[in-house]
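*Asks:* prediction below, plus the sequence it came from.
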Amino acid sequence: MQYFRMAPSTPLDERITVAHISNIHCDSCTKTIDQYLATLSPPPLSVVVSVVQQLVTVTHLKSLSPSSILNALLDAGFDVLRPTGSASSIPADSSSLVRHRKHLEHCIRCREEEAKPVNHTPIAGLLTSSVEEDPGPSTVTLSIGGMTCSSCTHAITEAASRIQGVSNVAVNLLAGSAQLVVQSRAIADVVCEAIIDSGYDAQVISINPIRRKEEIEETMRIVSLRIDGMFCPNCARKVMSAIESFGNRITVVKPLASYTDPILTLSYRPDPASLSIRMIMASIVAAGSPPFRVTVHHPPTLEQLSHAMQLREQRRILFQLLFSIVAAVPALIIGIVYMTLVKDGNPAKSYLMHPMWVGNVSRGEWALLFIATPVMFYSASLFHTRSFKELRALWRPGSSTPYLRRFIRFGSMNLLVSLGVSVAYFASIALLCLAARSPPQEMGDSTTYFDSVVFLTMFLLAGRFLEAYSKARTTDAVSALTSLRPTNALLLVPTTKTDRFSITLTNKDPEKGDITSEGDSLSIPLNSKVEKIPVDHLEVGDIVRVQSGATPPTDGTIMLGQHGIFDESSLTGEARLVKKQPGDKVFVGTINKAQVLHIRVDAIQGGTMLEKIVAVVREGQNRRAPIERVADHITGYFVPVITLLAVLTWIVWLLLGLTGSLPADYLDIDIGGWPVWSLQFAIAVFVVACPCGIGLAAPTALYVGSGLAAKCGILARGGGESFQEMAQLDLVVFDKTGTLTEGGEPRVADHYLLPSVLWTRETVLGIAAELESVSSHPLAVAIRSFCKDVDHQGGSSFEETPGRGVKAAFLSLHCTAIIGNEAWMQEHGAVIAAEASEHLEAWKSEGKSVVLLAIQDEQSGSFSVAASFSVADPLRPGAPGVISQLHSQGISTWMISGDNFTTASAVAAAVGIPPNNVIAGVLPHEKSREIQRLQREGPKRSARSRKWGQSLNTETRTIVAMVGDGINDAPALAVADVGIAIGSGSDIALSSASFVLLSSDLRSLITLRDLSQRIINRVKFNFVWAVMYNMIALPVAAGVLYPAGHVRLNPVWASLAMALSSVSVVCSSLLLKRYKEPRLSS
């Protein structure tokens, strides 16, 4: 036991203090103790240090307090721990890590131990997963900073695509990210370096093996733990020993390399009774002395890293902008006010214009040189460095880019700005040199463009800052979704106490899972208590408490005997409250509007519906619209064309001036002649050109639009292309069951059993129930529910044909039976009696689905219908209104169903679909063929604009959308131009769709159509605005209006116009955030 104590006092007023210290290792420790104690006042009479016993015995006068000795030892980096039960004066907040570092300064043995490599030999009984093993093809997500326009995305795409083993490169300008597929993990770092060499910031966010989803079982959990409080190699060994105690139930994916790398990654299969994340963390905490601090480690999300990069970019631009603004004040006073506006004869102007130092260079020109130079090389360095890196990457040795392409596709907005500012600055230097060689005059020279350099840079940086700030706001949608995640959960845990556990919380936030009130709370079960824990500590199967007004900490199922009402508008866009019964699912991000509930956890972080929504939104935002390819094509050649125009502008004006074709009064400068005079037009062309506006026209609007869709309960999996197709829609095909009808719990409305001497009612219904027991079709569920009170007959040799029915043999009854639709009966030659046919026709005319049961006669071998059922499936609320709204927009509506034509026609008539537009009796694989036929032959809207980027001599086909919900709809959803899945449908249908309607309300379809039109119209407006700006600004900057009254665009105002161009495009897209859903009748 380590302790600190006082020995009995000795004569002559002396005292003996004995300190027990754990980390005395060698003679250097002894010398350090002597040195530190010798500095005390009064100094100790004697100090005896025993390395073996780890004791320090100090003889000292009474005036030297033991606490002073203790503090000196602590300051020297030694561990002095209080004895059990004593009230030692050791400070409770003393840092063991700080003391350890202090101790390392003098202890030779500890330094030698520190230098030893950690042994990574796997611990016995513990499974390890080698992190060196390459899993093969992987999807890499990168965070990229410094992109401004589609020229940047093109440069990054080319830089990554040139690397062998890289494919499917998708760069997202607004999210500041890129996604690509690599054949090996090592290639990810190579890609990152290539992007950095191109002049951009890049960081690897995640590397996910493509085969992982197939190989890792869903029950396995992979978690990363951050362990703080480690200060030596032995700490890492203690942690790994704690993990060893769980045996081979835990696999170490990433071991602790050392105590300086505190991230440990584990894989395990949770077992509520014996193995959970809470048990693992508790074991690690207990292994430390003092206890380690363990938290679940989450790498920064793409949005967090993107936000950090955006803030860093904005901060850098802001500093450079502020510097240029400070420089612009004296430049304005000297270069504009005194040199231009103030009349000659003013004393201050005369002083500034007087030549100084050499030649005819005025004081004002020298001052402007000193002001413009730091602006040129600091404030404008953002443009210079990036344009240099872009050109260096293009012309580097070994580049695979063809030489011709290097001359016709290069650079970005950074190069244009850098060229404009550099030409103005270095031309001014040349003019300054010419003035320096001229003889001094009364008024010095004032022909330079140094003030223009300052103002150009200031306006360009101001535009870049506003653009960066505005673009950051377009990414609010995903951030808003991720903010719905709660941080804490109220976990029910067993306890020996039977009384109710009381919790007191401060700073309550019900939407984060905190308790609001206990007045209406659900009583806590006996032998249980409530603990507030981080959401990361939950496991599947845990029981958590959801307070009224709070969001569930994760997805779960309501426990038996409880009911709830939830606001799901944040996820589905459904404004009405949703009632929940025992066994119903509840989701994180929704709000409990009723009493307190207990739910069973069904999914932990990474598998919740909210996170799947975020993943789908991210995926959709990475998919580009065809109209974006037009912008990419234009901006790809924009910089070379502008460079050529600027050079031609300078040459044309120069030749006109030198040949005497221009009036003499055009030359309004004193030095430099026509070459310098012509240069101002070239500078204006460089600066005024703006490819950013063209490149941002589509992605900003689509990014804002996908976020708006998510707020309305619509997931845009297909991204920009799907929005464009939806805006140009010609025809919508609806599935019947589950789409136009509710399909959730259809019920048997009528039934008819044919008289028989062989089969009783119970036997017939028992056969029907047995046959339908192997099918998951909604009609089969209805039949089973209707026959639930009768005993099933034992069947065998089941055969199910999708879209038709089921066949089975009943050995105990010596018969074979079939159940299904009329087509299934016809295939088997089943005889339908006249009285049964009358019932069938009546039911079908009412829009009910019919199911027939036929039993094979043992003697004749023919099937005879023994029973018929009608299944009623009510229409979805609002379906007729949706159909009517689509018709008013000129969109044709069709219905496709595997049901018989009479029933399908009755349902179509009820919702307003023309009878000629009904496709009935089709099998699942036939649905996709019908969609393809409609794409070729279906009616087109009379006035529909041709898709942007499509060849004018190509005939446009019908744009078809398919709306469905079931597995049998998946092929048709995949084939359609726009696949729209109802959110309550199957996972296969959802994965095949371009859009997912989280709400089952069909009126979301009208919202989707309206929003798509708004988005694409905004894209076209932005595009036209950006193109028209360049078409007007470039000729004006080149001087086409100069002959008419000497009207020209000064480079300074050209830079302001360019900055406002790109900012206006982003602001135009942000106006979409004011979108409101169209109002539809119920």
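*Replies:* Arrived safely, thanks for sending.
*Asks:* show me where the stretch 501-650 of the chain has helices.
*Replies:* Taking DSSP state H, counting those that start in this stretch to define them, one finds helices in the stretch 501-650 of the chain at 569-572, 609-621, 626-658.
*Asks:* so which elements touch the helix ranked longest in the chain?
*Replies:* Longest helix of the chain, by residue count under DSSP state H: helix 1003-1038. Judged by 3 or more C-beta pairs under 8 Å, 6 or more residues apart in numbering; DSSP states H and E, helix 1003-1038 is in contact with helix 626-658, helix 673-688, helix 691-711, strand 714-716, helix 719-727, helix 879-888, strand 995-997, helix 1051-1070. From N, CA and C alone the C-beta is placed, and that goes for glycine too.
*Asks:* for that helix, the distance to its chain's centre please.
*Replies:* Chain-centre distance of helix 1003-1038: 25 Å, with C-alpha atoms, centre = their mean, to the nearest Å.
*Asks:* mean confidence for it?
*Replies:* Per-residue pLDDT over helix 1003-1038 has a mean of 88.
*Asks:* which residues does Ala489 contact?
*Replies:* Gly513, Lys532, Ile533, Pro534, Val535, His537, Leu538, Val544, Pro553, Thr554 (C-beta atoms under 8 Å, 6 or more residues apart in numbering).
*Asks:* let's go with 7 Å and repeat that
*Replies:* Going by C-beta atoms under 7 Å, 6 or more residues apart in numbering, Ala489 touches Gly513, Ile533, Val535, Leu538, Val544, Pro553.
*Asks:* lowest-pLDDT helix or strand in this protein?
*Replies:* helix 212-215 (a mean of 42; mean pLDDT, DSSP states H and E).
*Asks:* okay, the following helix or strand past that one in PDB with CA atoms only?
*Replies:* Later in the chain than helix 212-215, the nearest helix or strand by DSSP states H and E is strand 221-228. What follows is strand 221-228, C-alpha atoms only, in PDB (Å, rounded to 0.1, in the frame of the first residue of the first chain):
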ATOM      1  CA  ARG A 221     -21.500  -4.500 -34.200                       C
ATOM      2  CA  ILE A 222     -18.300  -2.700 -34.900                       C
ATOM      3  CA  VAL A 223     -17.500   0.100 -32.500                       C
ATOM      4  CA  SER A 224     -14.500   2.400 -32.000                       C
ATOM      5  CA  LEU A 225     -13.700   3.500 -28.400                       C
ATOM      6  CA  ARG A 226     -11.600   6.400 -27.400                       C
ATOM      7  CA  ILE A 227      -9.700   5.800 -24.200                       C
ATOM      8  CA  ASP A 228      -8.400   8.800 -22.400                       C
END
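*Asks:* list the buried residues of strand 221-228.
*Replies:* Arg221, Val223, Leu225, Ile227 (16 or more other C-beta atoms under 10 Å).
*Asks:* so which residues of the stretch 801-950 of the chain form helices?
*Replies:* Counting by DSSP H, counting those that start in this stretch, the helices of the stretch 801-950 of the chain are 822-827, 834-845, 879-888, 901-911, 924-937.
*Asks:* closest to Pro262 out of these?
*Replies:* helix 924-937 (53.2 Å; C-beta to C-beta).
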